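*Asks:* Quick one, fold the following:
(one chain, ligands or ions: 1)
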Amino acid sequence: MTQLQELTQKAEAALAPHFRRVDAIARFNTEKVMEAFREERVSEGMFAPSSGYGYDDRGRETLDRIYARVFGAEAAIVRHSIACGTHALTIGLFALLRPGDVLLAVTGKPYDTLDEVIGVTGIPGCGSLKDFGVDYDEVALLPDGTPDYEGIARALDKHGGRVKVAFIQRSKGYMDRPTLTVSQIGEMAAFIKARSSAHVMVDNCYGEFTEEREPTEVGADLIVGSLIKNPGGGIAESGGYLAGKRELVELCGWRLTSPGEGTEVGATLGQTKPMYKGLFFAPHVVAQAIKTAHFAAYIFDGLGYGTEPAWDTPRSDIIQAVRCGSADTLVAFCRGIQAGSPVDSFVTCEPWQMPGYTDPVVMAAGTFTQGSSLELSADGPIRPPYLAYLQGGLTYESGVIGVLSAAQAVLEQTKK
Ligand SMILES: *Cc1c(COP(=O)(O)O)cnc(C)c1O
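*Replies:* Numbers count the residues shown, from 1 in each chain. Here you go, the predicted structure:
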C-alpha cells in the first residue's frame with residue numbers, strides 16, 4: 001500500500017464518530033428546511049419565472065419567508081440578482097449605516113473584499129462608507145482567537161453611542177484564526193447589547209448549516225451570506241441573502257431596490273426553482289463538504305502539515321486551512337485540487353491579482369458554477385505562512401478524490 005492509501009484507511013476509521021455527528025446535524029437542519037417548506041405550502045406554481053417588475057411573485061415572497069423560518073429570523077431577502085457575498089454585505093452595511101455612524105468590526109479585520117466597501121483602501125470618491133461619512137474602527141481577536149471583550153467595551157465607550165453596527169465575521173475567511181462558533185457569537189451579541197444600542201450584523205458566509213443553530217437564533221440582528229456557498233446547496237446559480245429583524249431587513253430591501261419599492265419588485269427570471277432546490281439540498285451538501293474538510297485535515301496532518309481546525313475538531317464553517325509553508329507547496333496544493341475536479345481538470349492554476357484582494361491569490365475551482373466554493377475548491381493568498389484554504393465538496397466521494405490529488409501533488413512537489 002502507498003503512504004496515501006494507508007493514511008486514507010486510517011482516516012476513515014478515525015473519522016467515523018465525527019461523521020456520525022455531522023450526519024446528525026445534517027438531519028436536524030434538513031428537518032428545519034422541510035418544516036419551513038411544509039408550513040409555507042411550497043407548490044410547483046411558485047417555481048414559475050416572473051418578468052418585468054416581478055410584482056406578486058409568490059415564489060420569491062415565499063422563499064423569503066422560508067429563509068426567515070429556517071434561520072429563526074423575523075424576515076429575509078433572498079435574490080438571485082445579488083451578485084455575491086460582498087454585494088449582500090454591502091447592501092446590509094449601507095442599509096444600516098448613516099453619516100456620522102461608526103461601523104465597529106469586533107472580530108478583527110473583515111474579509112478582504114470589504115476593505116474598499118468600508119473605504120480602508122480603494123479610490124476616494126468611489127462611494128465607500130467612508131465617502132458617506134461613516135467611520136470605521138476594529139477590535140482584533142485575542143492571540144488565542146477568542147473575542148477581546150475588554151477591547152470591545154473600550155471601543156464602544158470611546159465612540160460614545162455612535163456605534164450603529166457591530167460587525168462579526170463568523171468564518172475565518174482568509175485569516176489565520178479559528179472560526180467562531182454560534183454560541184460564541186451569541187455571547188458577543190449579548191455583551192454588545194448590554195452596553196450599546198448597536199445592531200449586531202454577522203457575515204455568515206460559509207457558516208450556514210454547519211451547526212444546528214444560526215447566529216440569528218442567538219441574538220444577531222442581521223446575518224448575510226452567499227448562495228454560491230452553503231445555502232445554495234451547489235444548485236443555486238447565483239445569489240445572496242440577508243435575514244434578521246424585520247425593521248432591518250426592510251431597510252435592506254430599500255437599499256436593494258429603492259426606498260418605497262423594497263422587496264416588492266424583482267423579476268425571478270426562472271431562478272426560483274434552483275434556489276428552492278438548493279436550500280433543500282444545502283444541509284446535506286454542507287455535511288459532504290464538512291466530511292471532506294475533516295478528511296483533508298487528517299491526511300495533511302499525517303503528511304506533517306499544520307491544519308486549522310484539527311481533524312477531530314467540530315466545525316462552524318466549511319473551511320479547512322492547511323499550512324503549506326511555501327509558495328511552491330501552496331501552488332502545488334491548488335493544482336492538485338484542480339486536477340482532481342470534475343470541470344476544467346486540465347487547467348494549471350497560476351497566482352493572479354484578483355480585484356478586491358491585497359495579495360496575489362492562487363485559486364483552484366473546477367466547479368460547475370463559477371467560483372462556487374461549496375464545490376471543492378482551494379485558494380490562498382501568496383503571503384506567509386502560505387495557507388491553503390480548502391472548502392467544499394458536493395459529494396464526500398469526489399471530495400476524497402480531490403484531496404488525495406492535492407496530497408499527491410504536494411508529495412511530488414516537495415520531493416523535487
Ligand atoms: C466568501 C466570503 C465573503 C465574500 O463573498 P464573495 O461571494 O466572494 O463576494 C465575505 N466574507 C466571508 C467570510 C467569505 O467567506
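*Asks:* now the top strand by length along the chain: how far from the chain's centre is it?
*Replies:* As assigned by DSSP state E, the longest strand anywhere in the chain is strand 163-169. Relative to its parent chain, strand 163-169 has a centroid offset of 17 Å by CA atoms, centre = their mean, to the nearest Å.
*Asks:* And it, what does it pack against?
*Replies:* Identification of packing neighbours for strand 163-169 by 3 or more CB pairs under 8 Å, 6 or more residues apart in numbering; DSSP states H and E yields helix 85-96, strand 102-105, helix 149-158, helix 182-195, strand 199-203. (Glycine included, C-beta is placed from N, CA and C.)
*Asks:* where do the helices sit along the stretch 251-400 of the chain?
*Replies:* 272-302, 327-339, 396-415 (DSSP state H, counting those that start in this stretch).
*Asks:* quick check: angle from the last one to helix 327-339?
*Replies:* Right, helix 396-415. Taking axes from the mean of the first three to the mean of the last three CA atoms, to 10 degrees, one finds helix 396-415 and helix 327-339 inclined to each other by 150 degrees.
*Asks:* Closest residue of the stretch 201-350 of the chain to the ligand?
*Replies:* With CB to the nearest ligand atom, the shortest gap between the stretch 201-350 of the chain and the ligand falls at Cys205, namely 3.4 Å.
*Asks:* Any stretches of the chain with poor pLDDT?
*Replies:* In the predicted model of the chain, residues 356 satisfy pLDDT under 70.
*Asks:* Which single residue of it ends up nearest the ligand?
*Replies:* Proximity of the chain to the ligand (CB to the nearest ligand atom) peaks at Gly85, 2.5 Å away.
*Asks:* show me the residues around that residue that make contact.
*Replies:* If a contact means CB atoms under 8 Å, 6 or more residues apart in numbering, then Gly85 has Tyr111, Thr113, Asp203, Cys205, Val224, Gly225, Ser226, Lys229, Gly240 as its contacts.
*Asks:* Wait, a strand at the fourth one?
*Replies:* No. The assignment for Cys205, made by DSSP: H, G, I helix; E, B strand; the rest coil, is coil rather than a strand.
*Asks:* Look up phi and psi at it.
*Replies:* When quoted as degrees, to the nearest 10, the phi and psi of Cys205 stand at phi -50, psi 130.
*Asks:* just to revisit the earlier point, how about the helices and strands packed on strand 163-169, which one is nearest Gly45?
*Replies:* Across the helices and strands packed on strand 163-169, the minimum distance to Gly45, taken as CB to CB, is reached by helix 85-96, at 27.4 Å.
*Asks:* Next, the buried residues of whatever helix or strand Ala24 lives in.
*Replies:* Counting by DSSP states H and E, the element that carries Ala24 is helix 3-39. For helix 3-39, burial by neighbour count (16 or more other CB atoms under 10 Å) applies to 4, 7-8, 11, 15, 18-19, 22, 25-26, 29-30, 32-33, 36-37.
*Asks:* follow-up on the earlier one: now the helices of the stretch 251-400 of the chain in TSV, with mean neighbour count and distance to His80?
*Replies:* Shown next, in TSV, are the helices of the stretch 251-400 of the chain (neighbours: other CB atoms under 10 Å; distance: least, CB to CB, whole Å):
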stretch	mean neighbour count	distance to His80
helix 272-302	24	6
helix 327-339	23	27
helix 396-415	19	25
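*Asks:* will you turn those into CSV that also has distance to the ligand?
*Replies:* Written out in CSV, the entries for the helices of the stretch 251-400 of the chain read as follows (distance: least, CB to the nearest ligand atom, whole Å):
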stretch, distance to the ligand
helix 272-302, 13
helix 327-339, 17
helix 396-415, 18
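*Asks:* mind checking which of the ones you listed is nearest Ala236?
*Replies:* Nearest to Ala236, of all the helices of the stretch 251-400 of the chain, is helix 272-302, at 3.9 Å by CB to CB.
*Asks:* How about Phe368, nearest residue that isn't a chain neighbour?
*Replies:* Computed as CB to CB, 6 or more residues apart in numbering, the closest residue to Phe368 that is not its neighbour in sequence is Val343, at 5.9 Å.
*Asks:* Please apply the same query to Pro99.
*Replies:* Taking CB to CB, 6+ apart, and ignoring the residues beside it in sequence, Pro99 has Gly133 as its nearest neighbour in space, at 3.6 Å.
*Asks:* circling back to that earlier point, among the helices and strands packed on strand 163-169, show me which one is buried the most.
*Replies:* strand 199-203 (a mean of 28; mean count of other CB atoms under 10 Å).
*Asks:* Which positions in the protein make contact with the ligand?
*Replies:* Proximity of the chain to the ligand (CB under 6 Å from any ligand atom) is limited to residues Cys84, Gly85, Thr86, Tyr111, Thr113, Gln169, Ser171, Gly173, Asp203, Cys205, Tyr206, Ser226.
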